[in-house]
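S.K.: curious how this folds, go ahead:
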Amino acid sequence: QLQLVESGGGLVQPGGSLRLSCVASGSTLAYYAIGWFRQAPGKEREGVSCISSAYDSTVYADSVKGRFTISRDNAKNTVYLQMNSLKPEDSAVYYCAAVSVVRDYLDPEQYDFWGQGTQVTVSS
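M.R.: Numbering: from 1, shown residues only. Take a look at the predicted model:
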C-alpha cells in the first residue's frame, strides 16, 4: 500500500519561496502520476500541479504557472514542488496524491492515495 508524507510547509512572506516534498513508502513512486493539490478554508480542493509517471510530463494550474515547478527524484522516491514568488492567495493546506492512470491530471477525484497535508501560509 502506497503511503505519502508531505513536508516543507511553513510561514513565508509574500514574494518568498518554499519547497514542498512528498516522500513515498510501500511502493515505487515512479509507477504513479503524482499531483499536488491545495485547499484553503471554505474552498474546494484544487489541483496545483502534476507530474506523469511516463516521460515526466508536467501540468500546472494557470494560477501557479511560471511560479511553481514540480519535479521527481525516483531514486529518493520523492516528488517536490518548488514554489516561488508566493502570494497570500497561495495560503492553503497542500497535499500530494498518487494514481496509476489518470486522464485529468488536476482532478482530485481521480487520485487514489493521499498524504496528510502540510500547511503553507503566505503573510507579512
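
S.K.: which residues does Cys96 bridge with?
M.R.: Trp36 (DSSP bridges).

S.K.: dump the residue contacts of it.
M.R.: Counting by Cβ atoms under 8 Å, 6 or more residues apart in numbering, Cys96 makes contact with Leu4, Glu6, Leu20, Cys22, Ile34, Gly35, Trp36, Phe37, Val79, Leu81, Trp114, Gly115. For glycine as for every other residue, the C-beta is placed from the backbone atoms N, C-alpha and C.

S.K.: out of those, which is nearest to Asp107?
M.R.: Top of the list for closeness to Asp107, among the contacts of Cys96 and by Cβ to Cβ, is Gly35 at 8.8 Å.

S.K.: which ones are touching the closest one?
M.R.: Each residue near Gly35 by Cβ under 8 Å, 6+ apart is listed here: 47-50, 96-99, 102, 105-106, 108, 111.

S.K.: let's go with 10 Å and repeat that
M.R.: Applying Cβ atoms under 10 Å, 6 or more residues apart in numbering to Gly35 gives the contacts 22, 47-52, 59, 70, 79, 81, 95-99, 102, 105-108, 110-111, 114.

S.K.: what do you get for Leu20?
M.R.: 6-10, 36, 48, 68, 70, 79-83, 94-96, 118, 120.

S.K.: separate out the buried members of these.
M.R.: Buried positions within the contacts of Leu20, assessed by neighbour count (16 or more other Cβ atoms under 10 Å), are 6, 8-9, 36, 48, 68, 70, 79-81, 83, 94-96, 118, 120.

S.K.: now, those residues that are in strands?
M.R.: Among those, the members falling in strands are 6, 36, 48, 68, 70, 79-81, 83, 94-96, 118, 120 (criterion: DSSP state E).

S.K.: just the closest of those residues to Ala30, please.
M.R.: Using Cβ to Cβ, Val79 is the member of those that sits closest to Ala30, with 10.2 Å.

S.K.: who does that closest one bridge with?
M.R.: When bridges are taken as DSSP bridges, the partners of Val79 come out as Cys22, Arg72.

S.K.: for Glu109, see how far away it is.
M.R.: With distances defined as Cβ to Cβ, to the nearest Å, the gap from Val79 to Glu109 amounts to 20 Å.
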